[in-house]
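Colleague: sequence plus the predicted model coming up.
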Amino acid sequence: MDYYLNYEGGRINFSLPSGWNVLTCQDCSAVSEVQDVDREIERVLDSPIGSLRLEELGKPGMDVVVLFDDIQRPTPSHLAFPHILNRLNRAGVPDERISAVCALGTHPLHTREQLEKKAGKETFRRLEGRVYNHDPRSNENILIGRTSKGTLVEVNKLVAQSDLIIGIGECMPHPYAGFGGGCKIVMPGVASYRAVADHHYTWMRHRNCKLNLLEGNPFYEDIVDAGRLSRLSFKLDFVMNERHGVIKAFAGDPVEAHKKASEFASSLYLIPLAKRPDVVITSAAPLEIGVNAMKSLLNASFAVRTGGTIIWVASQKNSGPIMPLVEQMATKETANEYHHRLIRGDIPDHLKNFGISFIMMVVIFKELSEKLSVVHVTEALTKEQVDMMNFIYASNLDDAVSATFKSMPKADVAIFPSGGSVIPGIA
C-alpha cells in the first residue's frame, strides 16, 4: 500500500516494509472558513460565553486597554478592533480612553509599520498615539503578585492600571499550554521577561504540560492564574485553518470561552491512536517555514513510545532562524544541565535577544535526542548540521525508512501527513 506526506505544497508518496503495522495514516480534514468574518465577530460579541457583552462591561469614565497578539500569528486583529471599539463607544467609553498593546511576550519589538498592519489602519487612526508594543524588559512593568503556584506576575503598566482589559487572539494546539489563546495574551503576552522565564522554565518539562490538555496542566493553570490576577475580563479568540482563514470565533470570559474554543480545535485535529507506536513518520506541513517546522517534531514526540523513532520530514529551506538552536544543541551539556543553566539566568550572549520560548527549545530537543531516535529528512540542512542536533541525517524518505527498518524489522507505525497541525490522541 502507498502512503503519503504533505510537503511543500505537494505530496511525497512512499511505501512501507511488510513487517510494519500501520496504526493510522489519517490526514487532518480540510476545514472550510467562514465567508463573512465581520458577521462572525458580531455573532460572538452579541452572545458571549460566560460574560456580559462589552456594551455592559464598559462604563463611562473607564480607561480600557485592548491586547492583541503579534505579527507572527495570523489572527485578524485588524478586523476585530473596529467591532470592539464601536461597542465600547456604545457603552460610553470614547476612543480617547482606549489604548492597545501588542502582546509580544518576549518576541522582538514591532516597527510602527508592523503594528499598523496587525492592528489595522482604522485602529491606528482612532487610537492615534495609543497603540504600543509591550516591552518585557521595561522597568515600568508592574509587579502585581504571584500565582497560587508561586509564579511571579509582573505585567505591562497599562494592564496594571487600566479599568478594563480585553484581549484578541487565536486558539490553536500548543505543545505545553494544551492550547494557545485565552489568558496567554497576558502570560506571556504582556508579562515581564523575568516573569515569563519564571513560568516557562519552571513548567516546561512537567509531564502534564502537553498538547491537548488543560485540566491538570500546571503550565496552563498558572497562565489562568496570571490572567485572573491581571483582571483580564473579556477575550475574543479565533480558530484558524492552515490558509490563515477564520473557521470560527469564540468570545466572552477568557477561561470559559477558551475552553469551548479548545474543544472545537481538538475536534478538528485529533487523530486517535490505540497505542503508542514504535515509529512515527511525520511531515512539517502545514507549518514548514523556519522555527514553525519544529512543531511537527514536538507533536510526534507526544505519540511515539520512549526509545522509539521519529522520521521527521522538513525541508528546512529557510533554516537561518533555527541555526542558533542547532548550534546550542551541539554543546556537550545534557538537557538537564542546560535547563539548570537557564534557571540560573546563564543565557549565552548571542541568544539573549531571542524569545524565551525559542531558548527553551534547546532543552526540549536535547531531551528528545536523549530519549528517542530522530531521523531528519531534509533538503537544506547538511549532514554535519543534523549531526550537531544529535539527530540522524537522511536525504530522502525512502532511505530513512530503510535505515529504520534494519534496526526495527517489526514495528507499529503512525503516519501524520500534516504533522504540524495534528493532535495525537492516545486511548
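Modeller: That came in fine, so what should we check first?
Colleague: partner residues bridging the residue nearest to the spatial centre of the chain?
Modeller: The residue lying closest to the centre of the chain (CA atoms, centre = their mean) is residue 174, at 4.6 Å. Listed by DSSP bridges, the beta-bridge partners for residue 174 are residue 178.
Colleague: what does residue 154 give?
Modeller: Beta-bridge partners, per DSSP bridges, of residue 154: residue 143.
Colleague: could you list the domains of the protein?
Modeller: Per automatic domain parsing, the domain ranges recorded for the chain read 2-28+274-426, 37-268.
Colleague: mind checking pLDDT for the residue lying closest to residue 54 once chain neighbours are set aside?
Modeller: Distances taken as CB to CB, 6 or more residues apart in numbering place residue 87 nearest to residue 54, at 4.2 Å, with adjacent residues excluded. Every residue, glycine included, has its C-beta placed from N, CA and C. At residue 87, the pLDDT value in this model is 98.
Colleague: give me the contacts around the helix or strand hosting residue 87.
Modeller: According to DSSP states H and E, residue 87 maps onto helix 77-90. Applying CB atoms under 8 Å, 6 or more residues apart in numbering, the external contacts of helix 77-90 come out as 37-38, 41-42, 45, 53-55, 58, 64, 66, 68-69, 95, 98, 100, 117-123, 126-127, 166, 168, 236.
Colleague: just list what the longest helix that the chain contains packs against, helices and strands only.
Modeller: The longest helix of the chain (DSSP state H) is helix 356-371. Judged by 3 or more CB pairs under 8 Å, 6 or more residues apart in numbering; DSSP states H and E, the packing partners of helix 356-371 are helix 193-203, helix 294-301, helix 323-329, helix 335-344.
Colleague: list the buried residues in it.
Modeller: By neighbour count on 16 or more other CB atoms under 10 Å, the buried set for helix 356-371 is 356-368.
Colleague: what two of those have the greatest distance between them?
Modeller: Across the buried residues of helix 356-371, the longest distance by CB to CB is 18.8 Å; it joins 356 and 368.
Colleague: distance between the ends of stretch 185-201?
Modeller: 18 Å (CA to CA, to the nearest Å).
Colleague: so residue 291 sits in a strand?
Modeller: No. Looking at residue 291 with DSSP: H, G, I helix; E, B strand; the rest coil, it is helix, so not inside a strand.
Colleague: hmm, residue 323 and it touching each other?
Modeller: No. The criterion here is CB atoms under 8 Å, and residue 291 misses it with residue 323 at 10.7 Å.
Colleague: so between those two, which is more surrounded?
Modeller: residue 291 (17 against 13; other CB atoms under 10 Å).
Colleague: what residues are up against residue 399?
Modeller: residue 377.
Colleague: that one and residue 383: what is the separation?
Modeller: Using CB to CB, to the nearest Å, we find residue 399 at a distance of 12 Å from residue 383.
Colleague: strands of the stretch 101-250 of the chain, residue ranges please.
Modeller: Shown for the stretch 101-250 of the chain, the strands assigned by DSSP state E, counting those that start in this stretch span residues 131-133, 142-146, 152-155, 164-170, 173-174, 178-179, 232-240, 246-252.
Colleague: and those strands as TSV, adding distance to residue 74 and mean pLDDT?
Modeller: Shown next, in TSV, are the strands of the stretch 101-250 of the chain (distance: least, CB to CB, whole Å; pLDDT from 0 to 100):
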stretch	distance to residue 74	mean pLDDT
strand 131-133	19	98
strand 142-146	30	98
strand 152-155	25	98
strand 164-170	7	98
strand 173-174	14	90
strand 178-179	16	95
strand 232-240	5	97
strand 246-252	9	97
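Colleague: nearest to residue 221, out of those strands?
Modeller: Nearest to residue 221, of all the strands of the stretch 101-250 of the chain, is strand 178-179, at 9.8 Å by CB to CB.
Colleague: what's in contact with the closest one?
Modeller: With CB under 8 Å, 6+ apart, strand 178-179 has contacts from 171-173, 210-214, 217, 219-220, 258, 261-262, 265-266.
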